[in-house]
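1. just the structure for this:
(chains A, B and C)
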Amino acid sequence: MTLLVDIDFSAESLLVARQLIGVTLLIDGVGGRIVETEAYDQADPASHTYAGKTPRNASMFGPPAHAYVYRSYGMHWCMNFVCREAGHGAGVLIRALEPTHGLERMRERRGVEKLELLCAGPGRLAQALGITRSLDGLPLDAPPFELLPGPAEPVELLVGPRIGITKAAHELWRFGLKGSKFLSRGFN
DNA sequence: TCGCCGATGTTCT
DNA sequence: GAACATCGGCGAT
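-> Below you'll find the model as predicted:
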């Protein structure tokens, strides 16, 4: 059992996105503390699931606490954690984390030395952790995944509009860890 | 430091 | 044929 986090993934994505900040995500022992997330839901025009189930987004309509991995702009991978009950098409995009485990492995994969650039952005994070379509649909409570709880005391959150979308661009569904140097971009 | 732009493949109209 | 939940390099400030 590697899902050691007290998070109810059957809750709505907005709630899960907030609770994931501060949680440690490892894949084959490589990763770090999640510092930035975004929430998506089927009722949300910016979501891949807005128009219904397709082969690409099928895992978003599957059971919660599973991974949804898709190709972005033809050359990057991005990962979501599926939320709510099966069939709801909701999830949380993992946008950035603070590297803590397997730093040299991440540097090899990224071809970058600077710690602040290893996992700052969904595409970079996926490259650093070796995330590809092979993880799409896999459960988060079994290897290669490992989720470890963050600090006991609540963390201070930043809130802002999601990045890189054109629809529902005003919704404040992006969350970050206040004071982190590892965000993909600043909050205003 | 900021902003523009091309790369590149899948999905959907 | 267009859009796209991105990134890195380039040139201008």
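
2. so where's chain A shaky on pLDDT?
-> A:1-4 (pLDDT under 70).

3. interface residues of it facing DNA strand C?
-> Residues of chain A found near DNA strand C (CB under 7 Å from any atom of the strand) are A:38, A:40, A:46-49, A:60, A:68, A:72-76, A:78, A:80, A:91, A:93, A:110, A:112, A:117, A:121-125, A:162-167, A:184. All C-beta atoms are positioned from the backbone trio N, CA, C, and that covers glycine.

4. from residue A:89, how far out is whichever residue of chain A sits closest to DNA strand C?
-> Proximity of chain A to DNA strand C (CB to the nearest atom of the strand) peaks at residue A:164, 1.8 Å away. According to CB to CB, to the nearest Å, residue A:164 and residue A:89 sit 19 Å apart.

5. equivalent analysis for residue A:188, please.
-> 29 Å.

6. higher neighbour count, the two?
-> residue A:89 (27 against 6; other CB atoms under 10 Å).

7. contact partners for that one?
-> Residue A:89 is in contact with A:41-42, A:47, A:49, A:52-53, A:57, A:60-61, counting by CB atoms under 8 Å, 6 or more residues apart in numbering.
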